[in-house]
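structure for the following, please:
(2 chains)
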There are 2 protein chains.
Amino acid sequence: MKIAIAGSGALGSGFGYLLQKSGADVTLLDYWDDHIKAVTENGLKISVNGVEDTLPMKMCKPNELNEIMDTIFVFTKSMGLESMMEDIKHLIGEDTQVVCLLNGLGHSKTLEKYLDKKNIIMGTTVWTAGIDAPGVTHLDGQGPVELQNSDPSEKEAALEIVEILQESGLNGVYSDNVNFTTWRKACVNGTMNALCAMLDATIAEVFASSTIDSMLSSIVTEFSQVAELEDNIQIDVDETIDYLKALAEKVGSHYPSMHQDLANNRPTEIDFLNGAVAEMSKNHGIEAPYCQAITDLIHAKEDVLGIRKA
Amino acid sequence: MKIAIAGSGALGSGFGYLLQKSGADVTLLDYWDDHIKAVTENGLKISVNGVEDTLPMKMCKPNELNEIMDTIFVFTKSMGLESMMEDIKHLIGEDTQVVCLLNGLGHSKTLEKYLDKKNIIMGTTVWTAGIDAPGVTHLDGQGPVELQNSDPSEKEAALEIVEILQESGLNGVYSDNVNFTTWRKACVNGTMNALCAMLDATIAEVFASSTIDSMLSSIVTEFSQVAELEDNIQIDVDETIDYLKALAEKVGSHYPSMHQDLANNRPTEIDFLNGAVAEMSKNHGIEAPYCQAITDLIHAKEDVLGIRKA
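Reported below is the predicted structural model:
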């Protein structure tokens, strides 16, 4: 099976590595010259849950590959998905499956511009990964990778990918409700992530603030309303808030990724979280002004910090 | 005329000084021991538009004065008004006029708990002032001080205060629409002040951000809706936004007071701006979620910074 990894940073490299180890014909695609050079010359150096390995792998820029793929895993940042799809559309044939495990909302709509819904497989994962240097990455956790076809009648295709992910050790699991998991993760990121970024604070500090109940209930209520209208997904507001508070107890000392984005002068993914909810709400004749406020403020903060979006 | 200044920081000391110079029997009231001691021992040292003077003045804590006053000017921080009124209620008689020039919304409601509406005079001023050391202050500008009776049938009382303010050089002016001026100032503070505090940025930086139009129009629209329902005041959203943008051109390099509050670990006045709009909206069966978001975030930021409110 010919597999391309479109966006071979930390997570993409890790997935590509395990898929190639279990027999697939994998090409890593990315734009980062130093990383491509290092992998091409020395192979990918990777630590998977602490076990070190080096594997020769094919790696190039999207425009340097010219073959229709069987399966493409997209592993970009949310805001990089559309331009990546532009750059890899020549790799997509009639039967090419595209698997999207990105955090955030609205990605299936982006993918539908480039391929038939029956070939889109949406999913979520809790694998974590990092890049230590060009060509040197690590992958940690045990998954799972939950997958579901965008077109419910095409379950077979997703099951095939699940099997490949099982064989490779990536712990693929078929889910009847990937959309729910996606919205629930979005609720986590749209609260913890957005608020910690805005307040320059840890999760524990944000959850100890006197207005945490108003912030959580306002955000989750807007997410819940839009989830139902947009995707017919039921998000129970009270249960979600309880879940968030319990989660905050466990991971309180962390600064979530969006905070790190601002701290490192990178644009955030707010448009695919609170911003997506605000945008989607308009299509249904309602508003999500609380999420709009947070989105406006985060973008204004990016601007104040001089972070320009691509 | 016996006048008490309830809250004799920078602006209160300056008003008290000019009122006494023009013949009134003024007592400065405050809680700051060093300031009281300095004024009592050495007189108030003040610079009014660069002209230096020293004037012996009476100054004490509110509970140390025990006489019904003719007029009381309140010059607290917004969040200090209610506790100040508690502490000076023994100075208020049947005919005592209380003049309130505080920034922010909702103060007349607070005053109505302590005296008859006919004795409340609301106003605004553009005098600026500062404290250089205990007992040493400055007052700058030329006013005006716009005044209007809360009870429209009692215009005479306000005109009397206007005259005293004229005689003292404070440039008193009677206004038929103090409420409009108050709401318009609140629109300035509820946008520039709140956003600069939240974004840790100058006015120019905030107004150059890509989401400034959404932020201004969302906030001013909510202020306008509540101004109409609460006080029958018409705030034209587009005209106000044009005004704010023109003002931002002039004062762009400044950090407004709420930003300085957070920077100096002091609680902000957000509850009397965006927070007041969010609270008032509920009394009229609507919501102001954009202002609620900003209020929640500012309070959360106060909490993260360890600023506790009295």
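
all strands for the stretch 101-250 of chain A, in order.
Along the stretch 101-250 of chain A, the stretches classed as strands by DSSP state E, counting those that start in this stretch are A:120-125, A:128-133, A:136-140, A:145-149, A:172-174.

among those strands, which comes closest to chain B?
Nearest of these to chain B, taken as C-beta to the nearest C-beta: strand A:128-133 at 26.3 Å. The C-beta positions use only the backbone N, C-alpha and C, and glycine is treated the same way.

check which helices and strands that closest one sits against.
Here strand A:128-133 touches helix A:10-21, strand A:136-140, going by 3 or more C-beta pairs under 8 Å, 6 or more residues apart in numbering or on different chains; DSSP states H and E.

let me know the average pLDDT across whichever helix or strand comes after the longest one.
Translated: helix A:10-21. The element immediately downstream of helix A:10-21 (helix or strand, assigned by DSSP states H and E) is strand A:25-29. Here strand A:25-29 scores 98 as its mean pLDDT.

okay, buried residues for strand A:25-29 please.
Of all the residues in strand A:25-29, those buried under the rule 16 or more other C-beta atoms under 10 Å in any protein chain shown are A:Val26, A:Thr27, A:Leu28, A:Leu29.

will you turn those into TSV that also has distance to B:Met69?
Converted to TSV, those look like this (distance: C-beta to C-beta, whole Å):
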residue	distance to B:Met69
A:Val26	85
A:Thr27	85
A:Leu28	80
A:Leu29	79
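
what's the most distant pair in these?
Distance extremes for these: the farthest pair is A:Val26 and A:Leu29 at 10.2 Å, using C-beta to C-beta.

neighbouring contacts of stretch A:273-290?
Stretch A:273-290 is contacted from outside by A:104-106, A:186, A:189-190, A:193-194, A:218-219, A:222-223, A:225-226, A:229-230, A:271, A:291-292, A:294-295, A:298, B:218, B:289-290, B:292-293, using C-beta atoms under 8 Å, 6 or more residues apart in numbering or on different chains.

what about 7 Å?
By C-beta atoms under 7 Å, 6 or more residues apart in numbering or on different chains, the list of residues contacting stretch A:273-290 from outside reads A:104-106, A:186, A:189-190, A:193-194, A:218-219, A:222-223, A:225-226, A:229-230, A:291-292, A:294-295, B:218, B:289-290, B:292-293.

around chain B, pick out the residues from the stretch 201-310 of chain A.
Taking C-beta under 7 Å from any C-beta of the partner chain as the measure of proximity, the stretch 201-310 of chain A contacts chain B at A:201, A:205-206, A:208-211, A:214-215, A:218, A:289-290, A:292-294, A:296-297, A:299-301, A:303-304.

make a ChimeraX selection of the buried ones in the residues you listed.
Buried residues among those (16+ other C-beta under 10 Å), as a ChimeraX selection:
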select /A:201,205,206,209,211,214,215,218,289,290,292,293,294,296,297,299,300,301,303,304
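
CA-only coordinates of the lengthiest helix in chain A in PDB, if you can.
The longest helix of chain A (DSSP state H) is helix A:212-231. The C-alpha trace of helix A:212-231 is given here as PDB (Å, rounded to 0.1, in the frame of the first residue of the first chain):
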ATOM      1  CA  ILE A 212     -14.400  30.000  35.700                       C
ATOM      2  CA  ASP A 213     -18.000  28.800  35.900                       C
ATOM      3  CA  SER A 214     -19.200  31.600  33.700                       C
ATOM      4  CA  MET A 215     -16.400  31.000  31.200                       C
ATOM      5  CA  LEU A 216     -16.900  27.300  31.000                       C
ATOM      6  CA  SER A 217     -20.700  27.400  30.800                       C
ATOM      7  CA  SER A 218     -20.800  30.200  28.200                       C
ATOM      8  CA  ILE A 219     -18.200  28.500  25.900                       C
ATOM      9  CA  VAL A 220     -19.500  24.900  26.300                       C
ATOM     10  CA  THR A 221     -23.100  26.100  25.800                       C
ATOM     11  CA  GLU A 222     -22.200  27.800  22.500                       C
ATOM     12  CA  PHE A 223     -20.200  24.700  21.400                       C
ATOM     13  CA  SER A 224     -23.200  22.500  22.300                       C
ATOM     14  CA  GLN A 225     -25.700  24.600  20.400                       C
ATOM     15  CA  VAL A 226     -23.600  24.600  17.200                       C
ATOM     16  CA  ALA A 227     -22.600  20.900  17.500                       C
ATOM     17  CA  GLU A 228     -26.300  20.000  17.400                       C
ATOM     18  CA  LEU A 229     -27.200  22.300  14.500                       C
ATOM     19  CA  GLU A 230     -24.000  21.600  12.500                       C
ATOM     20  CA  ASP A 231     -23.400  17.900  13.000                       C
END
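
hey, which of the helices and strands packed on strand A:128-133 is tucked in deepest?
Ranked by mean neighbour count, the helices and strands packed on strand A:128-133 are led by helix A:10-21 with a mean of 24 (mean count of other C-beta atoms under 10 Å in any protein chain shown).

identify the residues contacting the residue in the stretch 51-200 of chain A positioned nearest to chain B.
Nearest residue of the stretch 51-200 of chain A to chain B: A:Leu199, at 5.4 Å (C-beta to the nearest C-beta). When contacts are counted by C-beta under 7 Å, 6+ apart, A:Leu199 touches A:Val206, B:Leu297, B:Ala300, B:Lys301, B:Val304.

again, only using 6 Å
By C-beta atoms under 6 Å, 6 or more residues apart in numbering or on different chains, A:Leu199 lies in contact with A:Val206, B:Ala300, B:Lys301, B:Val304.

could you look up the SS state of the third one?
The one in question is B:Lys301. Secondary structure for B:Lys301, judged by DSSP: H, G, I helix; E, B strand; the rest coil, is helix.

circling back: for the strands of the stretch 101-250 of chain A, give me a markdown table that also has distance to B:Gly12.
Converted to a markdown table, these look like this (distance: least, C-beta to C-beta, whole Å):
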| stretch | distance to B:Gly12 |
| --- | --- |
| strand A:120-125 | 59 |
| strand A:128-133 | 57 |
| strand A:136-140 | 61 |
| strand A:145-149 | 64 |
| strand A:172-174 | 68 |
